[in-house]
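**Q** Dropping the sequence and predicted coords here.
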Amino acid sequence: MSILFSFLVFAFILAIPVLVFVLIIKAIRKKPLKKTAWGIAGCFIGVIVSAMLFGFTDPQSNCEHEYILTESTKATCAEAGKNVHQCIKCEKKIEEVLPILEHEWKEADCENPKTCQLCGTTDGEKGGHNWVAATCNTPKTCQICGETEGTVKNHTWVNATCTTPKVCSDCGLEEGEPLNADKSHTWAEATCSLPKTCNVCGETEGTTLSHNQGEWEVVYEGTSEEQGTKQKKCTVCGTVIETERFDSPSKMVADIIKRVVKDFSGQVGEIEIIPATDSDGLIATCAICCENSEQEVKDILAEIATELQKLDVKTEAIFSFGDVKEGLDGTCLAIGSIDAEGNYEVASMSSEFKTERNEWIKSQFSAWDGSHTVLKDLIKDNLNDEKSFKHIETTYIDIASEDKRDYVNGILADAGYSQRVEVGDLFVMTEFSAKNAFNATIKNTAFGIVDYSEGLVRLIGIE
Ligand SMILES: [Zn+2]
Ligand SMILES: [Zn+2]
Ligand SMILES: [Zn+2]
Ligand SMILES: [Zn+2]
Ligand SMILES: [Zn+2]
Ligand SMILES: [Zn+2]
């Protein structure tokens, strides 16, 4: 019934504008308006009456509702919810909106971050445990939440001594009894390796005694290149107390030779140092090259001899000297030697060695043909035909020693000559050819003596 009335309200409302339109048309055509005006008024009345009748007949409008909850969607932290209530009499529904919920936070703990109890949303990081290490009594434990991990630690037992029972060094727990009922030690006196020590429990008291220093002992002699090693040991326990490096006598000798030769801008070959057979000294040998000069060689020998005398070990030395311009592989010019008392001497080994005497000998002979210039003139003076003189070869014996003197004088005596040579002289032999009294060219040998001290040249014979 109420549906019919609601339809009538609707129809009257639609009719009003239609009639108003008709009214306007009629007014324009100047036709009578009365009926239409009544129609409009009738429609108004129809709307009011139909609406009133609708009100009287609509069951929902007249119902004394009795609602029950028929549908419910809970609100969450993300979405609103709703409750739908329906009247059990007229079936009218009403909706109730349930607003979005606030998060219900639970603060972060060791294992969880800050979390909403309702939706599980999290914020930030978990706190993490704050562990305290395990002890003999408690396992590893979190200071904050009390959670534990693993088991308790083993006791760290310190063995019982004569005076104390076995005890844990961590927690102090004691177990058993001291080793000795009367709680006294059985002491052994301190030595240089152990302090005063109990024979029973091993407990110590005080410190070790100081070592008993022994004499220096050579462990390694060293070489001419390497330092030696010596040690001092404790005479009681044998512990090495002190170790020192030292220059072996060989190294000291080699170092002197190297240093002096270097000071003279020379070079030293490999230095060989051997023990002397007739004493407990040393003999050093090596090649040296320096300026080609007798004075330089003597200066070097003097310097080395002086330095060697400062050593505790008596040292002899023999050196071969060469020209630094030729290097260590060059010709041996001289042999220098130093005896154990520091005396030195030089023996010329080559006429190339620049000594006063070698220079004097060189000056005697012609650089052109090797003849002795003064002796050649003396020979010519003794010839029939001076112009026929042809020099072949001149040799000489340097009377450098008494042996050589005796040797040459022996020959002279055997040959019937009265002249004799002295140490320092030169005995000169010149081979030449010349024409004789019969105008025949023959080969001859002339003998002469050159006196070093006075520079006198004597022709003693031609054969
Ligand atoms: Zn109702
Ligand atoms: Zn939430
Ligand atoms: Zn914790
Ligand atoms: Zn413990
Ligand atoms: Zn003890
Ligand atoms: Zn010792």
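**A** Now that the structure is in, tell me what you want to look at. On a predicted model such as this, the values are computed, not experimentally measured, just so you know. Numbering: from 1, shown residues only. Ligands and ions are numbered 1, 2, ... in the order given.
**Q** Distance-wise, check the residue of the stretch 151-300 of the chain at minimum distance from ligand 2 relative to ligand 4.
**A** Residue nearest to ligand 2 within the stretch 151-300 of the chain: Thr151 (40.1 Å; Cβ to the ion). Placement of C-beta: from N, CA and C, glycine included. Thr151 is 13 Å from ligand 4, where distance means Cβ to the ion, to the nearest Å.
**Q** count of residues packed around that residue?
**A** 10 (other Cβ atoms under 10 Å).
**Q** so how far is Glu307 from the closest residue to it other than its chain neighbours?
**A** Distances taken as Cβ to Cβ, 6 or more residues apart in numbering put Pro139 closest to Thr151, at 5.3 Å, once the chain neighbours are dropped. Here the criterion is Cβ to Cβ, to the nearest Å. By it, Pro139 lies 79 Å from Glu307.
**Q** doesn't Thr239 make contact with His211?
**A** Yes - using Cβ atoms under 8 Å, His211 makes contact with Thr239 at a distance of 6.0 Å.
**Q** Settle it for me: which of the two has more neighbours?
**A** Each of His211 and Thr239 has its neighbours counted (other Cβ under 10 Å); His211 has more, 20 against 12.
**Q** count of neighbours near the closest residue in space to Trp131 that isn't next to it in sequence?
**A** With Cβ to Cβ, 6+ apart as the criterion, Trp131 has its nearest non-adjacent residue at 5.5 Å, and that residue is Lys140. Other residues near Lys140 number 17, with proximity taken as other Cβ under 10 Å.
**Q** Lys140 bridge partners, please.
**A** Bridge pairing for Lys140 (DSSP bridges) gives the partners Glu149.
**Q** and it, what pLDDT?
**A** On pLDDT, Lys140 comes in at 95.
**Q** And for Leu179?
**A** We have a pLDDT of 87 for Leu179.
**Q** Could you do Leu383 as well?
**A** Reported pLDDT for Leu383: 89.
**Q** just Lys183 next, same as before
**A** Note on Lys183: pLDDT of 82.
**Q** ok so, going back, neighbour count winner among Pro139 and Glu307?
**A** Each of Pro139 and Glu307 has its neighbours counted (other Cβ under 10 Å); Glu307 has more, 18 against 14.
**Q** my guess is that one is in a strand, correct?
**A** No - looking at Glu307 with DSSP: H, G, I helix; E, B strand; the rest coil, it is helix, so not inside a strand.
**Q** wait, it sits on Lys258?
**A** No - Glu307 is not in contact with Lys258 according to Cβ under 8 Å; the separation is 11.1 Å.
**Q** give the contact list for Glu244.
**A** With contacts defined as Cβ atoms under 8 Å, 6 or more residues apart in numbering, the neighbours of Glu244 are Trp216, Thr229, Lys230, Gln231.
**Q** The last one: helix or strand, and which one exactly?
**A** Using DSSP states H and E, the secondary-structure element containing Gln231 is strand 228-234.
**Q** Only C-alpha atoms, please: export stretch 182-196 in CSV.
**A** Taking C-alpha atoms only, stretch 182-196 is exported to CSV below (Å, rounded to 0.1, in the frame of the first residue of the first chain):
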residue,chain,number,x,y,z
ASP,A,182,101.2,-29.1,59.0
LYS,A,183,101.1,-26.6,56.1
SER,A,184,104.9,-26.2,55.8
HIS,A,185,107.1,-26.4,52.6
THR,A,186,110.2,-28.6,52.1
TRP,A,187,112.5,-25.9,50.7
ALA,A,188,115.4,-26.5,48.3
GLU,A,189,117.9,-23.5,48.3
ALA,A,190,117.9,-21.1,45.3
THR,A,191,120.4,-21.7,42.5
CYS,A,192,121.4,-19.5,39.5
SER,A,193,118.7,-21.2,37.4
LEU,A,194,115.9,-21.7,40.0
PRO,A,195,114.7,-19.6,43.0
LYS,A,196,114.2,-21.2,46.4
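**Q** Report how many residues lie close to the nearest residue to Arg458 once chain neighbours are set aside.
**A** Distances taken as Cβ to Cβ, 6+ apart place Ile449 nearest to Arg458, at 4.9 Å, with adjacent residues excluded. Ile449 has 22 neighbouring residues, counting by other Cβ under 10 Å.
**Q** rewinding a little: my guess is the residue nearest to Trp131 meets Glu147, correct?
**A** No - in this structure, Lys140 is not within contact of Glu147 by Cβ under 8 Å, at 9.3 Å.
**Q** interface residues of this protein facing ligand 6?
**A** Cys192, His211, Cys234, Val236, Cys237 (Cβ under 5 Å from the ion).
**Q** just those that are near ligand 1?
**A** By Cβ under 5 Å from the ion, no member of the residues of the chain next to ligand 6 lies near ligand 1.
**Q** Select from the residues you listed the one having the most neighbours.
**A** Busiest of these [other Cβ under 10 Å] is His211, holding 20 neighbours.
**Q** Now that residue: closest residue in space, sequence neighbours ignored.
**A** The shortest distance from His211 to any non-neighbouring residue, by Cβ to Cβ, 6+ apart, is to Cys234 (3.6 Å).
**Q** same deal with Leu426?
**A** Excluding the flanking residues, the one nearest Leu426 by Cβ to Cβ, 6+ apart is Val450, at 4.2 Å.
**Q** does ligand 1 sit close to the lowest-mean-pLDDT helix or strand in the chain?
**A** Here the helix or strand of the chain ranked lowest by mean pLDDT, DSSP states H and E is helix 59-62, holding a mean of 76. No - judged by Cβ under 5 Å from the ion, helix 59-62 stays clear of ligand 1, getting no closer than 6.2 Å.
**Q** who's in contact with that helix?
**A** Contacts of helix 59-62 (Cβ under 8 Å, 6+ apart): Ser2, Gly55, Phe56, Cys87, Cys90, Lys92.
**Q** Check which residues of it are buried.
**A** Using 16 or more other Cβ atoms under 10 Å as the test for burial, helix 59-62 gives no buried residues.
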